[in-house]
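S.K.: Provide a 3D model corresponding to the input given below.
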Amino acid sequence: NDLIEIWVDGNNFNQGPIPSGIADLTNLRGLSLTETARTGPIPSELGNLEQLQRVWLYSNSLTGAIPAEISELDNLIIFQVEDNLLQGDMPSEVCSIFDDASHPLKVLGSDCTSSGGSVDCDCCNCCEAPCNCDITGCIQPTPVPTPTPMPAPVLCFSAESTVDVLDKGTVKMADLKIGDKILVGTDGKYEPIYSFGHFDASSVVKTKFLKIKTSDSSGVEMTPNHLIFTHENKAVTASSIQVGDKVMMGSGETDTVVSIESVIRNGIFAPFTASGTIVTNGIQSSSFATIQKSRYVSFDGFELPLTYHQLGVVFESPHRLFCQMLGVDKCSRYEYYNDEGMSQWVEKPMIGFQWLLGQNIFVSCILFFIAFSFFCMVNTVEMLVANPACVILCLIVAFTVKRRVLGKENV
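M.R.: Numbers count the residues shown, from 1 in each chain. Below you'll find the model as predicted:
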């Protein structure tokens, strides 16, 4: 109980929760566990440490909501929990003590929704890690523009995730290649991989993934913003899934999520199929992800009735059509990746879309409508090319209509 400070930042500890024994350190004044692979919730028992003044828990994989008991820390000066997987609202009790001039709290940090995060916090003066703050407050508070285009995100599965490859069986993501036919849906359908949105087998770069386990699945590992299908066949972000939720399985049945944990892996992969779907570790998933927090596309808070899965399918139409015309093997010759492993087919449209998100809502909506209309036309051409019978039917209908029109004119 004589321990006053704990500073163990940047250590490569095994992943795990914040030790419960910390709540017994009644004289603790400083707690710094940044970049230590902490998972699970923030213990509400921290609110019992009356002497606690400084808390740094940012850059971990903490989940759940921020406990209201933090407001009971009468000596708290700094509380920073940015760069985690926390969700919900900053407790009103915590905002109250931050707004109270008589309370010593000067720095309050979280992943604010106004900066693309998942914690609704209007009172925070630090919304991204790291912030330029000290015990007097944030000298240069992180600006909160609206909207804030996110940097190019990682939209992928880990190398440990597996898929069912036709005539090969279960194969890890790291061992897939363009042309492999993989299971993509609940109807037992297999489709060839025509591209990788992300392909980086790097043994150096480490990425944070969510490992979602169900009763019958060992667990799929995907980035928090990747899309996974629920029992209602809705594509939602992995970060929005909770224990107890039901997800769609490749078998067509639904299964219950039994655990969710954050893992750090080397290598990131995102195989693309014609349908935009893929069955990973037995769980129905999308090939796409969001670059906003919602599953729907939105401009300046105005949400469109268009999901990011639908957007991904439409915007990939020119790429798929190109590969259909050339063939998958020849198409792979035009596959290039940047230093982060992102395909040029994904990188350039993403940069353009992020730029669009930062424009005036009227400008962004008009430009988006024009671009989306073009991609929809390409998507229609793609479907016709993929289904020659439809082309023949359209020609027959057009020929029949033309003959009737000419016949009436002759009469």
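S.K.: Just give me the neighbour total for the closest residue to residue 165 other than its chain neighbours.
M.R.: For residue 165, ignoring the flanking residues on the chain, the nearest one in space by CB to CB, 6 or more residues apart in numbering is residue 171 at 4.6 Å. Using the backbone N, CA and C atoms, a C-beta is placed for each residue, glycine as well. A count of neighbours around residue 171, defined by other CB atoms under 10 Å, yields 15.
S.K.: chain center to the host helix or strand of residue 171, what's the gap?
M.R.: Counting by DSSP states H and E, the element that carries residue 171 is strand 169-172. Distance of strand 169-172 from the chain centroid (CA atoms, centre = their mean, to the nearest Å) equals 24 Å.
S.K.: and if you look at stretch 66-74?
M.R.: Taking mean C-alpha positions (CA atoms, centre = their mean), stretch 66-74 and its chain are 29 Å apart.
S.K.: Check stretch 364-376 too.
M.R.: 23 Å.
S.K.: quick one: contacts for the closest residue to residue 178 other than its chain neighbours?
M.R.: Computed as CB to CB, 6+ apart, the closest residue to residue 178 that is not its neighbour in sequence is residue 332, at 4.5 Å. By CB atoms under 8 Å, 6 or more residues apart in numbering, residue 332 lies in contact with 178, 179, 195.
S.K.: Residue 332 - that's part of a helix, no?
M.R.: Yes: membership of residue 332 in a helix is supported by DSSP: H, G, I helix; E, B strand; the rest coil.
S.K.: circling back to that earlier point, could I get the pLDDT score of the residue nearest to residue 165?
M.R.: We have a pLDDT of 93 for residue 171.
S.K.: Tell me how far it lies from residue 161.
M.R.: 10 Å (CB to CB, to the nearest Å).
S.K.: Residues touching the next helix or strand after the strand holding residue 171, excluding its own?
M.R.: Next helix or strand after strand 169-172 toward the C-terminus (DSSP H and E): strand 181-183. Strand 181-183 has contacts (CB under 8 Å, 6+ apart) with 163-167, 176, 189-193, 250, 271, 273, 278-279.
S.K.: Tell me which of the residues you listed fall in strands.
M.R.: Among the contacts of strand 181-183, DSSP state E puts 163, 164, 165, 190, 191, 192, 271, 278, 279 in strands.
S.K.: Buried residues, stretch 343-360. List them.
M.R.: With burial defined by 16 or more other CB atoms under 10 Å, the residues of stretch 343-360 counted as buried are 343, 345, 346, 347, 349, 350, 353, 354, 356, 357, 359.
S.K.: Stretch 215-233 too?
M.R.: 217, 219-230.
S.K.: start to end distance for that stretch?
M.R.: Start to finish, the residues bounding stretch 215-233 are 18 Å apart (CA to CA, to the nearest Å).
S.K.: Ok, stretch 158-172 next?
M.R.: From its first residue to its last, stretch 158-172 covers 9 Å (CA to CA).
S.K.: For it, buried residues please.
M.R.: 158, 159, 160, 161, 162, 163, 164, 165.
S.K.: Look up phi and psi at the fourth one.
M.R.: Main-chain dihedrals, residue 161, degrees, to the nearest 10: phi -60, psi 150.
S.K.: and residue 383, helix, strand or coil?
M.R.: Using three-state DSSP, the structure places residue 383 in helix.
S.K.: Count the neighbours of it for me.
M.R.: Neighbour number of residue 383 under other CB under 10 Å is 14.
S.K.: and it, what pLDDT?
M.R.: 79.
S.K.: Residue 161 versus the residue nearest to residue 178, what's the distance?
M.R.: Remark: distance between residue 332 and residue 161 (CB to CB) = 22 Å.
S.K.: which residues does the closest residue to residue 94 other than its chain neighbours contact?
M.R.: Spatial nearest neighbour of residue 94, excluding adjacent residues (CB to CB, 6+ apart): residue 71 at 4.8 Å. Counting by CB under 8 Å, 6+ apart, residue 71 touches 47, 91, 93, 94, 96, 97.
S.K.: Can you give me the pLDDT of residue 71?
M.R.: pLDDT, residue 71: 93.
S.K.: part of a strand, is it?
M.R.: No: according to three-state DSSP, residue 71 belongs to no strand; its state is helix.
S.K.: ok, it to residue 18 distance?
M.R.: 18 Å.
S.K.: quick one on the thing from earlier: between the buried residues of stretch 343-360, which is closest to residue 299?
M.R.: Lowest distance from residue 299 to the buried residues of stretch 343-360 (CB to CB) belongs to residue 357, with 6.8 Å.
S.K.: And the closest one, what's its pLDDT?
M.R.: With respect to pLDDT, residue 357 scores 81.
S.K.: and it, how far is that from residue 325?
M.R.: Using CB to CB, we find residue 357 at a distance of 31 Å from residue 325.
S.K.: likewise residue 8?
M.R.: For residue 8, the distance to residue 325 - CB to CB - is 57 Å.
S.K.: The spatially most central residue of the chain and residue 85: what is the separation?
M.R.: By CA atoms, centre = their mean, the chain has its centre lying nearest to residue 225, at 0.6 Å. According to CB to CB, residue 225 and residue 85 sit 11 Å apart.
S.K.: One more: residue 40?
M.R.: Here the criterion is CB to CB. By it, residue 40 lies 10 Å from residue 85.
S.K.: Selecting buried members of the contacts of residue 332 in PyMOL, what would you type?
M.R.: Buried residues within those, by 16+ other CB under 10 Å, are selected in PyMOL with:
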select buried, resi 178+195
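S.K.: Reformat the contacts of residue 332 as a markdown table; add pLDDT and distance to residue 377.
M.R.: Shown next, in a markdown table, are the contacts of residue 332 (pLDDT from 0 to 100; distance: CB to CB, whole Å):
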| residue | pLDDT | distance to residue 377 |
| --- | --- | --- |
| 178 | 90 | 27 |
| 179 | 91 | 28 |
| 195 | 91 | 21 |
